[in-house]
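[1] give me a model of this one.
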Amino acid sequence: MLVLSSPSGAGKTTLSRRLLETDSEISLSISVTTRAPRKGEVPGRDYIFVDATEFNLMINRNQLLEHAKVFGNYYGTPRAPVEEALAKGRDVLFDIDWQGTQQLAEKARDDLVSLFILPPSWYELERRLMNRAQDDPSEINLRMAKASDEMSHWAEYDYVLVNKDIDQSVEALRAILLAERLKRHRQLGLSEFVGGLQAGR
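    Residues are numbered from 1 along each chain as shown. Okay, the predicted model is just below:
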């Protein structure tokens, strides 16, 4: 499970999309949320949109791996698709915040690799939020106010990436993923393979 977290506007969604385009062995965990769809978002592709009642039912049925309240709305990770993908030997990419990352770490630390993405500057973070034109000025102010608190959790992550250049950041992300896949305990069937080599097969 590869987790990307960042304050809004630091680039995790762009990095996620670029990674998914270039790596067929990883799939995106689609979060469930109680917030309304933004312009251009497609239900089932970007998020699974539900009301608060359904979200609470999912919590009570233990159908979420993690969940958190962010900017007045609830977000969570459906358990079944993640467990199904992992059982097939696929990696799963998560675009979640520090609260969700802490919950995943409590449940499956050995299967988790976490990466925190920082903007190159405070000014650049604000510029990106304004340029993406998804939120009104009051929402942007709220996100900027929350960014400092979100960034205070950077030291809880395995890796930290300052997103100065998107192409370089994508390459760094791919390098991290490759290195983690090559870790001994993640290479399934390695003992049998080495045994075969030692036996001359």
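
[2] for the residue lying closest to Tyr47 once chain neighbours are set aside, which residues count as its bridge partners?
    Residue nearest to Tyr47 in three dimensions, not counting chain neighbours: Thr33, with 4.9 Å by CB to CB, 6 or more residues apart in numbering. Every C-beta, even on glycine, is put in place using the N, C-alpha and C of the backbone. Counting by DSSP bridges, Thr33 forms beta bridges with Phe49, Tyr75.

[3] for Thr33, give me its contacts.
    Tyr47, Ile48, Phe49, Val50, Asn73, Tyr74, Tyr75, Gly76 (CB atoms under 8 Å, 6 or more residues apart in numbering).

[4] 6 Å instead, please
    Contacts for Thr33 (CB atoms under 6 Å, 6 or more residues apart in numbering) come out as Tyr47, Asn73, Tyr75.

[5] quick check: phi and psi on the first one?
    Dihedral angles of Tyr47 (phi, psi; degrees, to the nearest 10) stand at phi -150, psi 160.

[6] same check, this time on Gly100
    phi -70, psi -40.

[7] Phe49 touches Glu41, doesn't it?
    No - if you go by CB atoms under 6 Å, Phe49 and Glu41 don't touch, sitting 8.4 Å apart.

[8] can you show me the strands along this structure?
    2-5, 26-28, 32-33, 48-49, 64-70, 73-78, 91-95, 113-118, 159-162 (DSSP state E).

[9] and among those, the most buried is which?
    strand 2-5 (a mean of 24; mean count of other CB atoms under 10 Å).

[10] give me the contact list for it.
    Lys12, Ser16, Leu93, Phe94, Asp95, Asp97, Trp98, Thr101, Val113, Ser114, Leu115, Phe116.

[11] which regions of this protein lie under the pLDDT threshold?
    In the predicted model, the chain carries pLDDT under 70 at residues 132-135.

[12] now do the buried residues in stretch 41-49.
    Buried residues in stretch 41-49, counted by 16 or more other CB atoms under 10 Å: Asp46, Tyr47, Ile48.

[13] just the CA coordinates for that stretch, please, in CSV.
    Output in CSV follows, covering the C-alpha atoms of stretch 41-49 (Å, rounded to 0.1, in the frame of the first residue of the first chain):
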residue,chain,number,x,y,z
GLU,A,41,-15.4,14.7,-11.2
VAL,A,42,-16.9,11.4,-12.2
PRO,A,43,-18.6,9.3,-9.5
GLY,A,44,-16.8,5.9,-9.2
ARG,A,45,-13.6,7.2,-10.9
ASP,A,46,-12.6,10.2,-8.7
TYR,A,47,-14.6,9.4,-5.6
ILE,A,48,-17.6,7.3,-4.4
PHE,A,49,-20.1,9.9,-3.3
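
[14] residues contacting it, please?
    For stretch 41-49, contacts defined as CB under 6 Å, 6+ apart pick out Ile30, Ser31, Val32, Thr33, Pro37.

[15] repeat that for stretch 187-201.
    Nothing outside stretch 187-201 qualifies as a contact, by CB under 6 Å, 6+ apart.
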